[in-house]
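Trainee: Task: produce atomic coordinates for the following.
(one chain, ligands or ions: 2)
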Amino acid sequence: MVKEIIKMEPDLQAIKEIQAIGADTLKKCYQCATCSTVCPLSPDEAPFPRKQMILAQWGFKERLINDPAIWLCHQCGDCSKYCPRQANPGEVLAALRLSVIRELMPFKFLNTFYNNLWGFPILFLISLFFILLAAIGTFGGIPNFFNAESFPYGGPSYEIWFLHLPARILMIDVVFIPLTVFVIIILLSAINRIWNFYLDTYKIPQAYRYKVWSILKVYLIPAIAEILNHTRFEKCEANKWRALPHKVLLWAFIILAFTTAIVFVMADILGFHTPWHPLLHPVKWLGNIGGLMLLYGIISIALGRSRAEVEKSVRTSYPDSLLIYLILFIGLTGFGIEIFRSIPSIKNATSLIYLIHLALVFILFLGVAYSKFTHLVFRTTAIVFDLYFKDITQKMS
Ligand code: SF4
Ligand code: SF4
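Mentor: Ligands and ions are numbered 1, 2, ... in the order given. Okay, the predicted model is just below:
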């Protein structure tokens, strides 16, 4: 009997790409499996990250895209701490997540901008371009960014059907509604693709491939409860400190998203026009509480990371830094608008800070699909799949 020899070729280009976005230590791994043993989140039936290390060493991108385990990792650093070869498996998995985002998303040049320092000025110019275009359209020309009376709170008002919108609100809606729709559409398409990859990889029988609604109803709610409580995050040892600031940051985003939704309905649709008084309006109180939580969370993460870098339990790559500093400056400029507007001698600088704040928020919104921020969506998908898979495995056995 002639045995068939299967020759496997490494994908050198893929290996280089993975190494370039934070996995430069990848080749040090000699497959001892210490990482999978110490990882507090690795399940017995499908342990990680040793397997993912070898797949990455061969550049098997397809296999990595089909693997929910890379999203179940919370980058706690336990594995990196104990790895005898300093191969930094936690950081390699973080790089693999970025590589998967790149594979799944259309317009890959945007991903390149988010993963390289030189890309930031380009992102800033792209965001300014769209904001200025909308500002010129709604303010009837280039607004005066050195005069708080003309931008953003001056300018004409528009009657649109039953809406009565000042230029500022219309400008924000014209920019952010299409951006949000764009991000949602490409994310939904990516989730659909990745979910089908998981179903095929795990060879889920047709009888157990439930409809979307059943999956959401049965598994999404427990997954969200787990994420809100940071149940998995709190199992980490080496970087236990990360759980609390990360949780506070998540809740800050929820509060700020809720506040934005209220402002959208009250100001943009019902016509109770902003700015509201920061001390007298309850929506402002809520927004300020969310803003303070955001600053506490992100500053604690930045300081904790610096300490952890000294102890070598975490390494911070450019995409990590981008997200941290983006969130930090959004928080600072958000409060800056309120502070500058309330002090007459510096009031005119409000317009410029407002413009910078909007540009940074634009980059963050788009980054939900192209930066490290995407883990919010794909980790949730992987946790839902994890709960679903465990459940149907029990039912099938
Ligand atoms: S990453 Fe480190 S701990 Fe994990 S298998 Fe490789 S050498 Fe061992
Ligand atoms: S970083 Fe933490 S969660 Fe991720 S593989 Fe390593 S030990 Fe597991």
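
Trainee: can we go C-alpha only for contacts and neighbour counts from here?
Mentor: Fine.

Trainee: Which parts of the stretch 51-200 of the chain are strands?
Mentor: Secondary structure of the stretch 51-200 of the chain by DSSP state E, counting those that start in this stretch: the strands cover 157-160, 163-166.

Trainee: Of those strands, which stretch is the most buried?
Mentor: Mean neighbour count, computed with mean count of other C-alpha atoms under 10 Å, is highest for strand 163-166 among the strands of the stretch 51-200 of the chain, reaching a mean of 19.

Trainee: name the helices or strands packed onto that one?
Mentor: strand 157-160 (3 or more C-alpha pairs under 8 Å, 6 or more residues apart in numbering; DSSP states H and E).

Trainee: mind listing what the strand it packs on pairs with, with the direction of each?
Mentor: Note on strand 157-160: by DSSP bridges, its sheet partners are strand 163-166 (antiparallel).

Trainee: residues contacting residue 188?
Mentor: If a contact means C-alpha atoms under 8 Å, 6 or more residues apart in numbering, then residue 188 has no contacts.

Trainee: In the stretch 101-250 of the chain, where is pLDDT below threshold?
Mentor: Scanning the stretch 101-250 of the chain for pLDDT under 70 picks out no residues.

Trainee: Quick check: the residue in it positioned nearest to ligand 1 vs residue 166, distance?
Mentor: Residue nearest to ligand 1 within the stretch 101-250 of the chain (C-alpha to the nearest ligand atom): residue 238, separated by 14.5 Å. Separation of residue 238 from residue 166 (C-alpha to C-alpha, to the nearest Å): 51 Å.

Trainee: likewise residue 57?
Mentor: 56 Å.

Trainee: next one: residue 197
Mentor: 46 Å.

Trainee: which ones are touching the spatially closest residue to the residue of the stretch 101-250 of the chain closest to ligand 1 that is not a sequence neighbour?
Mentor: Once flanking residues are discounted, residue 238 sits nearest to residue 78: 4.9 Å by C-alpha to C-alpha, 6 or more residues apart in numbering. Contacts for residue 78 (C-alpha under 8 Å, 6+ apart) come out as 35, 38, 39, 40, 90, 236, 237, 238, 239, 313.

Trainee: Repeat the analysis, applying 7 Å as the threshold.
Mentor: 38, 39, 236, 237, 238 (C-alpha atoms under 7 Å, 6 or more residues apart in numbering).

Trainee: Just the pLDDT at it, thanks.
Mentor: We have a pLDDT of 88 for residue 78.

Trainee: and stretch 355-369, how far out from the chain's middle?
Mentor: Centroid separation for stretch 355-369 versus its chain: 12 Å, with C-alpha atoms, centre = their mean, to the nearest Å.

Trainee: Tell me, how many residues neighbour residue 129?
Mentor: 13 (other C-alpha atoms under 10 Å).

Trainee: Make residue 1 into 22 and carry on from there
Mentor: That works, and once the first residue is 22, the last one we named lands at residue 150.

Trainee: ok, it to ligand 2 distance?
Mentor: Distance, residue 150 to ligand 2, using C-alpha to the nearest ligand atom, to the nearest Å: 38 Å.

Trainee: same deal with residue 66?
Mentor: In terms of C-alpha to the nearest ligand atom, residue 66 sits 15 Å off from ligand 2.

Trainee: quick revisit: closest to residue 91 out of the contacts of residue 99?
Mentor: Of all the contacts of residue 99, residue 60 has the smallest distance to residue 91: 12.5 Å, by C-alpha to C-alpha.

Trainee: Correct me if wrong: the closest one contacts residue 100.
Mentor: Yes - if you go by C-alpha atoms under 7 Å, residue 60 and residue 100 touch, sitting 5.8 Å apart.

Trainee: The two: who's more crowded?
Mentor: residue 100 (29 against 23).

Trainee: circling back to that earlier point, save the strands of the stretch 72-221 of the chain as TSV, and put in distance to ligand 2 too.
Mentor: What follows is the strands of the stretch 72-221 of the chain, written out as TSV (distance: least, C-alpha to the nearest ligand atom, whole Å):
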stretch	distance to ligand 2
strand 178-181	51
strand 184-187	48
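
Trainee: For residue 251, find the nearest of those.
Mentor: Minimum separation from residue 251 across the strands of the stretch 72-221 of the chain (C-alpha to C-alpha) falls at strand 184-187, 40.5 Å.

Trainee: Can you give the contact residues for the helix or strand that contains residue 248?
Mentor: Counting by DSSP states H and E, the element that carries residue 248 is helix 242-250. Outside helix 242-250, the residues that touch it by C-alpha under 7 Å, 6+ apart are 401, 404, 405.

Trainee: OK, contacts around the first one?
Mentor: Under the criterion of C-alpha under 7 Å, 6+ apart, the neighbours of residue 401 are residue 244.

Trainee: For it, give me phi and psi.
Mentor: phi -60, psi -40 (degrees, to the nearest 10).
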